[in-house]
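**Q** Pasting the sequence and the predicted coordinates here, then a few questions.
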Amino acid sequence: MTKLLAVGRRTFSALSVPNYRRYFVGQSVSLTGTWMQSVAQSWLVYTLTRSSTDLGFVVALQTLPVLLLGPYGGVIADRVDKRRLMVVLQSMMGLQALALGLLTVIHVVTFPELCVLAVVLGVNNTFENPIRQTFVLEMVGPGELRNAVSLNSTMTNAARAIGPAVAGVLIATVGVGVCFLLNSASFVAVVASLLTMNLAELQPTAPAVRAKGQLREGLRYVGHEPRLLFPLVMMGIVGMLAYEFQVVLPVVARETFHGGAEAYGFMNACMGAGAVAGGLVTATRGRTGIRPLVLAATGFGVAILAAGLAPVLVVEYVVLAFVGWASVSFLATGNSTLQLEADPSMRGRVMSLWAVAFMGSTPIGGPLMGFVVGIAGGRAGLLVGGSSCLVAAGIGVAAVLRRRRQPQARGAELAVEGASDTGLLKGELSAAS
């Protein structure tokens, strides 16, 4: 019993921080609504157009601003009071969901309107994502960062287990518009959590002074840091082709397995349930660095390939749970690696590039996967996604072998990995002091 309690304390250690605990609860409510909207939007587009290409086009529009403006969003994140701007951005996301819900409920929503609202949400995400990612450190400090990142991934995917399942039931009973309205209401929880934080307990990073060339400075910094560059390249490949589940799974549900909204919602729910388990394991035992990221990418690729080969729907549900497990392991490992390796003054810009690699690659990958699925079916989309993970893993292996051929760099890597495991990098100590 004592051992189990110790494991539990390790797994949920970041929740001992009151501000993070409040934020965690608020985000849990909000993200459940977000996943409801994600599933409902994909289903609405596919219902209106019956086109996987149009589905990929909407997803691409929603993420195109991240590709075009993402690095500048990181510059803003390094300059501002993160909590205050998050309040504004989260409120705007709630208004976007409200507009989409009202248009859908009164049955006047059209495909062009969906496209416009997708762009609005994408612009908001461009600035909100790097701020949200880096705000975690200000709440918990460097010692709890890796645990908090893993718990965030667990929270996101717990919402992914609940939100799509609820969305599937609501779509089948009261209609797709209700999903958008409930998501709009869910943003009240996260905004309230931000407004009621104890500001004295936050550990804000000193804002970067506004100056010319800060965007170029961030790009040069990443380009000269292989421990940042290679994870970003890996994420770019995986994000572009493997994470296009909004495009692939509706087609797999309807055409491959001849299901409806319930089947699609349950597919997402199974992925979310598996991701919760994977997130808790990562929170307890997770490591950072390129080698753990290679292992995570390999597992993710094998799981997606298995999903592409599943013979019946029941098997698909089971395999998608493993896809969710591997997905959260890859995301949490990459996110923690970048945050712990990045200089505090550059963290916003580094994490904005992570957002570009993850979401900003979708304007390319979304239409591409829509085309693949439209020509060859949903299974082909999953097989392409799984293969991309294995390619990314191969790039990571090449990076590890490259460092092994540089003895001095290898010694420095071991020293930094030791520091990363305890959350006591020199840059983090200076940020906390």
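**A** Cool, got the structure.

**Q** Does residue 164 touch residue 39 like I think?
**A** Yes. Applying C-beta atoms under 8 Å as the test, residue 164 and residue 39 come out as touching, 4.5 Å apart. From N, CA and C alone the C-beta is placed, and that goes for glycine too.

**Q** Need the residues touching each of these two.
**A** Shared contacts of residue 164 and residue 39 (C-beta atoms under 8 Å, 6 or more residues apart in numbering): 264-265, 268.

**Q** mind listing which of these are in helices?
**A** Within those, residues falling in helices by DSSP state H are 264-265, 268.

**Q** Adding neighbour count, write those residues out as TSV.
**A** Formatted as TSV, those follow (neighbours: other C-beta atoms under 10 Å):
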residue	neighbour count
264	25
265	28
268	27
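
**Q** Pick the one among those closest to residue 123.
**A** Nearest to residue 123 among these is residue 268, at 25.1 Å by C-beta to C-beta.

**Q** who are the neighbours in contact with residue 38?
**A** Neighbours of residue 38 in contact, by C-beta under 8 Å, 6+ apart: 163-164, 246.

**Q** what stretches of this protein score poorly on pLDDT?
**A** The model of the chain has pLDDT under 70 over residues 1-10, 52, 157, 160-161, 206-214, 282-286, 360, 406-433.

**Q** If any of the contacts of residue 38 are buried, give me the ChimeraX selection for them.
**A** The following ChimeraX line selects those of the contacts of residue 38 that are buried, judged by 16 or more other C-beta atoms under 10 Å:
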select :163,164,246
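
**Q** Could you point out which of the ones in helices among the shared contacts of residue 164 and residue 39 is nearest to residue 67?
**A** residue 268 (24.3 Å).

**Q** so residue 184 makes contact with residue 98?
**A** Yes. Shown here, residue 184 and residue 98 form a contact pair, counting by C-beta under 8 Å, at 4.0 Å.

**Q** Quick check on these two: which one has the bigger neighbour count.
**A** Neighbours per residue, other C-beta atoms under 10 Å: of residue 184 and residue 98, the larger number sits with residue 184, 21 against 16.

**Q** And the more buried one, how far from residue 215?
**A** 33 Å (C-beta to C-beta, to the nearest Å).

**Q** same deal with residue 265?
**A** 40 Å.

**Q** again, but for residue 143
**A** 31 Å.

**Q** repeat for residue 373
**A** 35 Å.

**Q** Have a look at the two and say which one is more surrounded.
**A** When residue 373 is set against residue 215 and neighbours are counted by other C-beta under 10 Å, the residue ahead is residue 373, at 28 against 14.

**Q** Now do the contacts for that one.
**A** Going by C-beta under 8 Å, 6+ apart, the list of residues near residue 373 reads 52, 56, 247-248, 251, 380-381.

**Q** can you pick the most crowded of these?
**A** Busiest of those [other C-beta under 10 Å] is residue 247, holding 33 neighbours.

**Q** helix or strand for that one, which one?
**A** helix 245-251 (DSSP states H and E).

**Q** What of residue 180?
**A** With DSSP H and E as the criterion, the answer for residue 180 is helix 177-195.

**Q** Go through the ones in helices among the shared contacts of residue 164 and residue 39 and name the one nearest residue 84.
**A** Nearest member of these to residue 84, counting by C-beta to C-beta, is residue 268, at 33.0 Å.

**Q** Which residues are in contact with the residue lying closest to the closest one once chain neighbours are set aside?
**A** Distances taken as C-beta to C-beta, 6 or more residues apart in numbering put residue 164 closest to residue 268, at 3.3 Å, once the chain neighbours are dropped. Residue 164 is in contact with 35-36, 38-39, 264-269, 272, counting by C-beta under 8 Å, 6+ apart.

**Q** switch the cut-off to 6 Å
**A** By C-beta atoms under 6 Å, 6 or more residues apart in numbering, residue 164 lies in contact with 35, 39, 265, 268-269.

**Q** repeat for residue 89
**A** 124, 128.

**Q** export the helix or strand containing it as CSV, just CAs?
**A** Residue 89 is part of helix 82-105, with elements assigned from DSSP H and E. Output in CSV follows, covering the C-alpha atoms of helix 82-105 (Å, rounded to 0.1, in the frame of the first residue of the first chain):
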residue,chain,number,x,y,z
LYS,A,82,0.7,34.9,-20.4
ARG,A,83,-2.2,34.6,-18.0
ARG,A,84,-3.9,37.8,-19.0
LEU,A,85,-3.7,37.1,-22.7
MET,A,86,-4.9,33.5,-22.2
VAL,A,87,-8.1,34.9,-20.6
VAL,A,88,-8.7,37.0,-23.7
LEU,A,89,-7.9,34.2,-26.2
GLN,A,90,-10.0,31.5,-24.4
SER,A,91,-12.9,33.9,-24.3
MET,A,92,-12.7,34.4,-28.0
MET,A,93,-12.6,30.7,-28.6
GLY,A,94,-15.9,30.4,-26.7
LEU,A,95,-17.5,33.1,-28.9
GLN,A,96,-16.3,31.2,-32.0
ALA,A,97,-18.0,28.1,-30.8
LEU,A,98,-21.2,30.0,-29.9
ALA,A,99,-21.4,31.5,-33.4
LEU,A,100,-20.9,28.0,-35.0
GLY,A,101,-23.5,26.5,-32.7
LEU,A,102,-26.2,29.1,-33.4
LEU,A,103,-25.7,28.9,-37.2
THR,A,104,-26.0,25.1,-37.0
VAL,A,105,-29.0,25.0,-34.6
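
**Q** Output the shared contacts of residue 164 and residue 39 in CSV; the columns should cover distance to residue 359.
**A** Formatted as CSV, the shared contacts of residue 164 and residue 39 follow (distance: C-beta to C-beta, whole Å):
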residue, distance to residue 359
264, 21
265, 22
268, 17
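
**Q** Pick the one among the residues you listed closest to residue 257.
**A** residue 264 (9.7 Å).

**Q** you'd agree the closest one is up against residue 252?
**A** No. In this structure, residue 264 is not within contact of residue 252 by C-beta atoms under 6 Å, at 8.2 Å.

**Q** could you say which helix or strand contains residue 205?
**A** Counting by DSSP H and E, residue 205 is found in no helix or strand.

**Q** So what does the nearest residue to it once chain neighbours are set aside look like in phi/psi?
**A** Taking C-beta to C-beta, 6+ apart as the measure, residue 205 lies nearest to residue 344, with 5.2 Å between them; neighbours along the chain are not counted. Phi and psi for residue 344, reported as degrees, to the nearest 10, are phi -50, psi -40.
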